[in-house]
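K.L.:
Got a sequence here, can you model it:
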Amino acid sequence: MSNRLNDLDLSQSLTHEQSEQRIQAAQHRLTQLRLFTAGLLDPSIVAPGLLVLFEGFDAAGKGGAIRRLTGALDPRHVRVVPISTPTAEELRHHFLWRFQESLPGRGGMTVYDRSWYGRLLVERVEGLIDAANVKLSAEEIVDFENMLVNDGVTLVKFWMQISNDEQLRRFNDRAGDPLKTWKLTPDDWRNREKRPAYLDAINNMLDTTDHSHAHWDLIAAENKHFARVAVLETLVDRWIHDLERRGIKVPKARSGDYLR
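P.N.:
All right, here's what the predicted structure looks like:
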(Lines give C-alpha, C1' and ligand atoms only; values in the text may rest on other atoms or scores of the structure.)
Protein backbone atom coordinates (compact mmCIF):
# COMPACT_ATOMS: atom_id res chain seq x y z
CA MET A 1 0.00 0.00 0.00
CA SER A 2 1.38 3.41 -1.00
CA ASN A 3 1.59 6.37 1.36
CA ARG A 4 0.94 9.45 -0.73
CA LEU A 5 0.27 11.54 2.36
CA ASN A 6 3.95 11.26 3.33
CA ASP A 7 4.92 12.84 0.01
CA LEU A 8 2.76 15.90 0.65
CA ASP A 9 4.77 19.03 1.52
CA LEU A 10 2.96 20.45 4.55
CA SER A 11 5.42 23.37 4.82
CA GLN A 12 3.80 25.22 1.90
CA SER A 13 2.40 28.55 3.05
CA LEU A 14 1.13 31.95 1.99
CA THR A 15 0.70 35.19 3.88
CA HIS A 16 -2.80 36.47 4.60
CA GLU A 17 -2.35 39.22 1.99
CA GLN A 18 -1.12 36.83 -0.71
CA SER A 19 -3.95 34.43 0.05
CA GLU A 20 -6.72 37.03 -0.01
CA GLN A 21 -5.59 38.40 -3.38
CA ARG A 22 -5.58 34.98 -5.01
CA ILE A 23 -8.82 33.90 -3.31
CA GLN A 24 -10.61 36.96 -4.64
CA ALA A 25 -9.37 36.31 -8.18
CA ALA A 26 -10.38 32.64 -8.00
CA GLN A 27 -13.80 33.55 -6.56
CA HIS A 28 -14.46 35.87 -9.50
CA ARG A 29 -13.63 33.05 -11.91
CA LEU A 30 -15.78 30.58 -9.95
CA THR A 31 -18.72 32.98 -10.08
CA GLN A 32 -18.34 33.30 -13.84
CA LEU A 33 -18.11 29.52 -14.28
CA ARG A 34 -21.11 28.95 -12.03
CA LEU A 35 -23.31 31.37 -13.95
CA PHE A 36 -22.11 29.89 -17.23
CA THR A 37 -22.78 26.27 -16.25
CA ALA A 38 -26.23 27.16 -14.91
CA GLY A 39 -27.20 28.61 -18.30
CA LEU A 40 -27.40 32.17 -16.97
CA LEU A 41 -24.75 33.62 -19.31
CA ASP A 42 -25.74 31.64 -22.41
CA PRO A 43 -29.26 30.14 -22.20
CA SER A 44 -28.35 27.62 -24.91
CA ILE A 45 -25.82 25.96 -22.60
CA VAL A 46 -26.69 24.06 -19.44
CA ALA A 47 -23.52 22.29 -18.44
CA PRO A 48 -22.94 19.17 -16.33
CA GLY A 49 -23.65 19.53 -12.63
CA LEU A 50 -20.70 20.09 -10.29
CA LEU A 51 -20.13 17.97 -7.19
CA VAL A 52 -17.30 19.04 -4.87
CA LEU A 53 -16.47 16.62 -2.08
CA PHE A 54 -14.37 17.42 1.01
CA GLU A 55 -12.72 14.94 3.35
CA GLY A 56 -9.96 15.42 5.90
CA PHE A 57 -8.95 15.07 9.52
CA ASP A 58 -11.01 16.96 12.12
CA ALA A 59 -9.94 20.63 12.18
CA ALA A 60 -8.20 20.35 8.80
CA GLY A 61 -10.00 23.46 7.55
CA LYS A 62 -12.79 21.98 5.45
CA GLY A 63 -15.33 24.52 6.69
CA GLY A 64 -13.08 27.51 6.01
CA ALA A 65 -12.31 26.26 2.51
CA ILE A 66 -16.00 25.70 1.78
CA ARG A 67 -16.85 29.22 2.98
CA ARG A 68 -14.30 30.70 0.57
CA LEU A 69 -15.50 28.45 -2.24
CA THR A 70 -19.12 29.51 -1.85
CA GLY A 71 -18.51 33.04 -0.56
CA ALA A 72 -18.93 34.79 -3.90
CA LEU A 73 -21.78 32.61 -5.18
CA ASP A 74 -25.47 33.39 -4.96
CA PRO A 75 -26.89 31.00 -2.31
CA ARG A 76 -29.54 29.95 -4.83
CA HIS A 77 -26.82 28.54 -7.08
CA VAL A 78 -25.01 26.22 -4.67
CA ARG A 79 -26.09 23.64 -2.11
CA VAL A 80 -23.81 22.78 0.82
CA VAL A 81 -24.60 19.43 2.44
CA PRO A 82 -22.98 18.48 5.77
CA ILE A 83 -22.76 14.70 6.06
CA SER A 84 -23.00 13.16 9.52
CA THR A 85 -23.82 9.79 11.05
CA PRO A 86 -26.53 7.95 9.08
CA THR A 87 -29.98 7.90 10.62
CA ALA A 88 -31.86 4.73 11.57
CA GLU A 89 -33.86 5.03 8.34
CA GLU A 90 -30.73 5.49 6.23
CA LEU A 91 -29.11 2.43 7.81
CA ARG A 92 -31.96 0.32 6.43
CA HIS A 93 -30.75 1.10 2.90
CA HIS A 94 -27.58 0.69 0.88
CA PHE A 95 -24.98 3.14 2.22
CA LEU A 96 -25.09 5.25 -0.97
CA TRP A 97 -28.88 5.62 -0.88
CA ARG A 98 -28.92 8.69 1.36
CA PHE A 99 -26.90 10.77 -1.12
CA GLN A 100 -29.27 10.44 -4.06
CA GLU A 101 -31.53 13.39 -3.29
CA SER A 102 -28.70 15.91 -2.95
CA LEU A 103 -26.73 15.00 -6.09
CA PRO A 104 -26.57 17.89 -8.57
CA GLY A 105 -28.53 17.67 -11.79
CA ARG A 106 -27.44 19.38 -14.99
CA GLY A 107 -26.69 23.00 -14.30
CA GLY A 108 -26.59 22.37 -10.53
CA MET A 109 -23.86 22.52 -7.90
CA THR A 110 -23.48 20.63 -4.62
CA VAL A 111 -20.71 20.72 -2.03
CA TYR A 112 -20.36 17.84 0.44
CA ASP A 113 -18.74 18.48 3.81
CA ARG A 114 -17.71 14.84 4.23
CA SER A 115 -19.26 12.19 2.04
CA TRP A 116 -19.80 8.52 1.27
CA TYR A 117 -16.14 8.01 2.13
CA GLY A 118 -17.18 7.75 5.75
CA ARG A 119 -17.87 4.14 4.77
CA LEU A 120 -14.16 3.53 4.15
CA LEU A 121 -12.94 5.68 7.02
CA VAL A 122 -15.14 5.94 10.13
CA GLU A 123 -17.05 2.71 9.59
CA ARG A 124 -13.85 0.81 8.85
CA VAL A 125 -11.87 2.22 11.79
CA GLU A 126 -14.78 1.74 14.20
CA GLY A 127 -15.14 -1.88 13.11
CA LEU A 128 -18.68 -1.39 11.82
CA ILE A 129 -17.80 -3.21 8.60
CA ASP A 130 -15.30 -6.02 8.03
CA ALA A 131 -12.45 -6.20 5.51
CA ALA A 132 -14.62 -7.88 2.89
CA ASN A 133 -17.17 -5.07 3.11
CA VAL A 134 -14.43 -2.44 2.94
CA LYS A 135 -13.21 -3.94 -0.34
CA LEU A 136 -16.74 -4.30 -1.72
CA SER A 137 -17.71 -0.76 -0.68
CA ALA A 138 -14.63 0.72 -2.36
CA GLU A 139 -15.54 -1.07 -5.59
CA GLU A 140 -19.14 0.16 -5.34
CA ILE A 141 -17.96 3.75 -4.77
CA VAL A 142 -15.73 3.58 -7.85
CA ASP A 143 -18.65 2.28 -9.94
CA PHE A 144 -21.01 4.88 -8.45
CA GLU A 145 -18.66 7.77 -9.20
CA ASN A 146 -18.08 6.47 -12.70
CA MET A 147 -21.83 6.35 -13.23
CA LEU A 148 -22.19 9.95 -12.03
CA VAL A 149 -19.45 11.21 -14.33
CA ASN A 150 -20.82 9.30 -17.31
CA ASP A 151 -24.27 10.72 -16.61
CA GLY A 152 -23.00 14.30 -16.71
CA VAL A 153 -21.50 15.27 -13.36
CA THR A 154 -18.16 17.00 -12.83
CA LEU A 155 -16.72 15.40 -9.69
CA VAL A 156 -13.90 17.03 -7.71
CA LYS A 157 -12.59 15.33 -4.55
CA PHE A 158 -10.40 17.00 -1.93
CA TRP A 159 -8.50 15.43 0.96
CA MET A 160 -7.22 18.12 3.36
CA GLN A 161 -4.16 16.96 5.28
CA ILE A 162 -2.70 18.32 8.52
CA SER A 163 -0.07 16.95 10.87
CA ASN A 164 -0.77 15.45 14.27
CA ASP A 165 0.85 18.44 16.00
CA GLU A 166 -1.13 21.00 14.02
CA GLN A 167 -4.38 19.19 14.74
CA LEU A 168 -3.63 19.28 18.47
CA ARG A 169 -2.85 22.99 18.27
CA ARG A 170 -6.18 23.67 16.55
CA PHE A 171 -8.07 21.50 19.03
CA ASN A 172 -6.58 23.45 21.94
CA ASP A 173 -7.37 26.72 20.18
CA ARG A 174 -11.00 25.67 19.84
CA ALA A 175 -11.16 24.52 23.45
CA GLY A 176 -9.98 27.94 24.62
CA ASP A 177 -12.25 30.06 22.43
CA PRO A 178 -15.94 30.38 23.51
CA LEU A 179 -16.91 31.03 19.89
CA LYS A 180 -15.20 27.84 18.67
CA THR A 181 -15.86 25.32 21.43
CA TRP A 182 -18.99 24.09 19.65
CA LYS A 183 -16.71 22.71 16.93
CA LEU A 184 -14.92 20.41 19.36
CA THR A 185 -16.65 17.23 20.54
CA PRO A 186 -15.60 14.21 22.63
CA ASP A 187 -15.65 12.19 19.40
CA ASP A 188 -12.99 14.50 17.94
CA TRP A 189 -10.63 13.66 20.80
CA ARG A 190 -11.48 9.96 20.55
CA ASN A 191 -10.87 9.93 16.79
CA ARG A 192 -7.56 11.68 17.32
CA GLU A 193 -6.34 8.75 19.40
CA LYS A 194 -7.01 6.49 16.43
CA ARG A 195 -4.93 8.50 13.96
CA PRO A 196 -2.67 5.53 12.98
CA ALA A 197 -5.72 3.45 12.07
CA TYR A 198 -7.17 6.38 10.12
CA LEU A 199 -3.90 6.85 8.22
CA ASP A 200 -4.04 3.20 7.13
CA ALA A 201 -7.66 3.63 6.06
CA ILE A 202 -6.93 6.85 4.18
CA ASN A 203 -4.04 5.37 2.24
CA ASN A 204 -6.16 2.35 1.32
CA MET A 205 -8.96 4.71 0.26
CA LEU A 206 -6.58 6.65 -2.00
CA ASP A 207 -5.17 3.46 -3.51
CA THR A 208 -8.59 2.01 -4.34
CA THR A 209 -10.71 5.04 -5.28
CA ASP A 210 -8.33 7.41 -7.11
CA HIS A 211 -9.18 7.04 -10.80
CA SER A 212 -9.04 9.25 -13.86
CA HIS A 213 -12.79 9.87 -13.70
CA ALA A 214 -12.68 10.72 -9.97
CA HIS A 215 -9.22 11.88 -8.98
CA TRP A 216 -8.23 12.72 -5.41
CA ASP A 217 -6.58 16.13 -4.96
CA LEU A 218 -4.49 16.14 -1.79
CA ILE A 219 -4.31 19.57 -0.17
CA ALA A 220 -1.51 20.53 2.21
CA ALA A 221 -3.64 22.24 4.87
CA GLU A 222 -1.09 22.98 7.59
CA ASN A 223 -1.26 26.64 6.56
CA LYS A 224 -4.87 27.72 6.13
CA HIS A 225 -4.01 30.59 3.80
CA PHE A 226 -2.24 28.22 1.42
CA ALA A 227 -4.92 25.52 1.65
CA ARG A 228 -7.80 27.83 0.76
CA VAL A 229 -6.02 29.11 -2.32
CA ALA A 230 -5.04 25.56 -3.35
CA VAL A 231 -8.66 24.39 -3.10
CA LEU A 232 -10.14 27.25 -5.12
CA GLU A 233 -7.49 27.29 -7.84
CA THR A 234 -7.53 23.49 -8.16
CA LEU A 235 -11.31 23.53 -8.43
CA VAL A 236 -11.17 26.11 -11.22
CA ASP A 237 -8.66 23.98 -13.13
CA ARG A 238 -10.58 20.73 -12.62
CA TRP A 239 -13.91 22.29 -13.55
CA ILE A 240 -12.62 23.88 -16.76
CA HIS A 241 -10.75 20.73 -17.78
CA ASP A 242 -13.88 18.59 -17.41
CA LEU A 243 -16.05 21.04 -19.33
CA GLU A 244 -13.53 21.27 -22.15
CA ARG A 245 -13.09 17.50 -22.41
CA ARG A 246 -16.85 17.30 -22.92
CA GLY A 247 -16.57 19.72 -25.85
CA ILE A 248 -17.95 22.76 -24.02
CA LYS A 249 -16.29 26.07 -24.93
CA VAL A 250 -15.62 27.87 -21.64
CA PRO A 251 -15.70 31.68 -21.64
CA LYS A 252 -12.35 33.37 -21.03
CA ALA A 253 -11.64 34.82 -17.63
CA ARG A 254 -12.36 38.51 -17.21
CA SER A 255 -9.40 40.84 -16.77
CA GLY A 256 -8.04 40.50 -13.23
CA ASP A 257 -9.65 37.10 -12.63
CA TYR A 258 -7.80 33.85 -12.05
CA LEU A 259 -6.16 33.19 -15.40
CA ARG A 260 -7.28 29.76 -16.58
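
K.L.:
all strands of the chain, in order?
P.N.:
49-56, 79-82, 109-113, 153-161, 216-220 (DSSP state E).

K.L.:
export these to JSON lines and tack on mean pLDDT and distance to Trp239?
P.N.:
Yep, even glycine has a C-beta here, placed from its N, CA and C like the rest. Conversion of those to JSON lines gives the following (pLDDT from 0 to 100; distance: least, CB to CB, whole Å):
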{"stretch": "strand 49-56", "mean pLDDT": "98", "distance to Trp239": "6"}
{"stretch": "strand 79-82", "mean pLDDT": "98", "distance to Trp239": "16"}
{"stretch": "strand 109-113", "mean pLDDT": "98", "distance to Trp239": "10"}
{"stretch": "strand 153-161", "mean pLDDT": "98", "distance to Trp239": "6"}
{"stretch": "strand 216-220", "mean pLDDT": "98", "distance to Trp239": "12"}
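
K.L.:
Output these as a markdown table; include the columns distance to Ser11 and mean neighbour count.
P.N.:
Formatted as a markdown table, those follow (distance: least, CB to CB, whole Å; neighbours: other CB atoms under 10 Å):
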| stretch | distance to Ser11 | mean neighbour count |
| --- | --- | --- |
| strand 49-56 | 18 | 24 |
| strand 79-82 | 30 | 15 |
| strand 109-113 | 26 | 21 |
| strand 153-161 | 12 | 22 |
| strand 216-220 | 8 | 20 |
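
K.L.:
my guess is Leu243 meets Pro48, correct?
P.N.:
Yes. Counting by CB atoms under 8 Å, Pro48 is a contact partner of Leu243 at 7.4 Å.

K.L.:
Please identify which of the two sits among more neighbours.
P.N.:
Set Leu243 next to Pro48 and count neighbours by other CB atoms under 10 Å: Pro48 wins out with 23 against 20.

K.L.:
what about Gly39, distance to Gly61?
P.N.:
Distance, Gly39 to Gly61, by CB to CB, to the nearest Å: 32 Å.

K.L.:
higher neighbour count, the two?
P.N.:
Using other CB under 10 Å, the more surrounded residue of Gly39 and Gly61 is Gly61, with 23 against 14.

K.L.:
Run through the residues that contact that one.
P.N.:
Met160, Ile162, Ala221, Lys224, Ala227, Arg228 (CB atoms under 8 Å, 6 or more residues apart in numbering).

K.L.:
Helices - which of those land there?
P.N.:
Judged by DSSP state H, helices contain the following of the contacts of Gly61: Lys224, Ala227, Arg228.

K.L.:
Could you pull up the residues touching the residue nearest to the spatial centre of the chain?
P.N.:
Taking CA atoms, centre = their mean, the centroid of the chain lies closest to Phe54, which sits 2.1 Å from it. By CB under 8 Å, 6+ apart, the residues touching Phe54 are Lys62, Ala65, Ile66, Val111, Tyr112, Asp113, Arg114, Ser115, Phe158, Met160.

K.L.:
how about a cut-off of 7 Å?
P.N.:
Contacts for Phe54 were tallied using CB atoms under 7 Å, 6 or more residues apart in numbering; they are Lys62, Ala65, Ile66, Tyr112, Asp113, Arg114, Phe158, Met160.

K.L.:
can you redo those residues as TSV with distance to Pro178?
P.N.:
Output for these, formatted as TSV (distance: CB to CB, whole Å):
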residue	distance to Pro178
Lys62	22
Ala65	24
Ile66	23
Tyr112	29
Asp113	23
Arg114	25
Phe158	30
Met160	25
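
K.L.:
His211: which of these is nearest?
P.N.:
In terms of CB to CB, no member of the contacts of Phe54 lies closer to His211 than Phe158, at 15.6 Å.

K.L.:
beta partners for the closest one?
P.N.:
Per DSSP bridges, the residues bridged to Phe158 are Phe54, Asp217.

K.L.:
Return the helix or strand in this protein with minimum mean pLDDT.
P.N.:
helix 186-192 (a mean of 93; mean pLDDT, DSSP states H and E).
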